[in-house]
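> Any chance you could fold what I've pasted below:
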Amino acid sequence: MLNKNKTVVKSLDLLNLFLTNEKLSLNEMVQLSGMPKTSIHRMIGSLEDMGFLHKDEESKYSLGLLFLQFGQLVAERLDIRQAALPIMKTLRDDFEEAVNLVVKERNECIYIEKLESTHPVRLYTKIGRRAPLYAGACSRIILSFLPDQEREQYLNEIELVPIGLGTITDKQKLRHVLEESRLRGYSVSHSELEDHTASLAAPIFDYTGQVVGGLSIAGPDVRFQEDRLPELIESVKSAANEISRKLGRKEPVRM
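Coordinates of the predicted model:
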């Protein structure tokens, strides 16, 4: 932290406010950030000049179009996304359910690609959404395949906070579920991130054999009954294996 530029850090803190707020006034930014009004006024002037913020007729600020350009570049340069997208489209078309791609970032997973279900009743998951590694099939499959020491450190440090009706909040039960997921090569969740939803996920590996992402198919739990699961499991595992091979995984991923 000592090596970080304080102005840059404060500017980023200010921009982070827009992750959960579409538009903010100067006074709202002061209230939410706790920073002095004069400092914020100076920063937003510079951010607006550089295209990071846009000011409307009501003196409300929103993220500038420059972020759209940066976001597109980041998305295009993610090799895993490029490798996964055609396979995700096939999976979505075969089952008409939502398909998600996540990667690990620190102690969370982040959704970097999604394809919507073709059904009128569907889940809405935004690219950029974050979730804890312990909750939801797509997050938990990454946690399941992390190196033992890294996984145990995470489990020892994390607080299991309930999010949905089915969120696992007991560490002993979570360890058992993680072990099952490693043995079976997939993970299933019910109402863990959103109530009355279900998700099924398989891990994606890179050329070194390290887990680098998770692929899931998800939807309302009424469409994920026991009689449908075997076909979904095999298809998701096969799709994740295909993505892994495209990322340089030379050996078949045995699960």
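> List the pairing partners of the strand or helix carrying Ala202 within its sheet, with orientation.
Ala202 belongs to strand 197-205 when assigned by DSSP states H and E. When sheet partners are counted by DSSP bridges, strand 197-205 sits next to strand 187-190 (antiparallel), strand 211-220 (antiparallel).
> Of all those, which one is nearest Lys104?
Closest to Lys104 of the strands paired with strand 197-205, according to CB to CB: strand 211-220, at 7.6 Å. C-betas here are computed from N, CA, C, even on glycine.
> and the helix or strand following that closest one, what does it pack onto?
Downstream of strand 211-220, the next assigned helix or strand under DSSP H and E is helix 229-246. Helix 229-246 sits against helix 79-95, strand 197-205, strand 211-220, with contacts defined as 3 or more CB pairs under 8 Å, 6 or more residues apart in numbering; DSSP states H and E.
> Let's have those in JSON lines, adding distance to Leu53 and mean pLDDT.
Shown next, in JSON lines, are these (distance: least, CB to CB, whole Å; pLDDT from 0 to 100):
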{"stretch": "helix 79-95", "distance to Leu53": "27", "mean pLDDT": "90"}
{"stretch": "strand 197-205", "distance to Leu53": "35", "mean pLDDT": "94"}
{"stretch": "strand 211-220", "distance to Leu53": "32", "mean pLDDT": "92"}
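> any chance of these in a markdown table, plus distance to Met43 and mean neighbour count?
Shown next, in a markdown table, are the helices and strands packed on helix 229-246 (distance: least, CB to CB, whole Å; neighbours: other CB atoms under 10 Å):
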| stretch | distance to Met43 | mean neighbour count |
| --- | --- | --- |
| helix 79-95 | 32 | 17 |
| strand 197-205 | 39 | 27 |
| strand 211-220 | 35 | 25 |
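> Select, out of these, the one closest to Thr169.
strand 197-205 (17.7 Å).
> Can you check what angle separates that closest one from helix 79-95?
Strand 197-205 runs at 140 degrees relative to helix 79-95, counting by axes from the mean of the first three to the mean of the last three CA atoms, to 10 degrees.
> can I get the CA coordinates of strand 197-205 in PDB?
The C-alpha coordinates for strand 197-205 follow below in PDB (Å, rounded to 0.1, in the frame of the first residue of the first chain):
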ATOM      1  CA  THR A 197     -32.800 -21.600  -9.300                       C
ATOM      2  CA  ALA A 198     -30.400 -24.500 -10.100                       C
ATOM      3  CA  SER A 199     -27.000 -24.600 -11.700                       C
ATOM      4  CA  LEU A 200     -24.700 -27.400 -12.900                       C
ATOM      5  CA  ALA A 201     -21.000 -26.700 -13.500                       C
ATOM      6  CA  ALA A 202     -17.700 -28.300 -14.600                       C
ATOM      7  CA  PRO A 203     -14.100 -27.100 -14.300                       C
ATOM      8  CA  ILE A 204     -11.900 -25.700 -17.100                       C
ATOM      9  CA  PHE A 205      -8.200 -26.300 -17.000                       C
END
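> if we can go back for a sec, save the helices and strands packed on helix 229-246 as TSV, and put in distance to Gly164 too.
TSV is the format used below for those (distance: least, CB to CB, whole Å):
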stretch	distance to Gly164
helix 79-95	22
strand 197-205	8
strand 211-220	13
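> Pairing partners for the closest residue to Glu97 other than its chain neighbours in the sheet, please.
In this structure, Glu97 finds its nearest non-sequential neighbour in Gly219, 4.5 Å apart by CB to CB, 6 or more residues apart in numbering. Here Gly219 shows beta-bridge partners Ala198, assigned using DSSP bridges.
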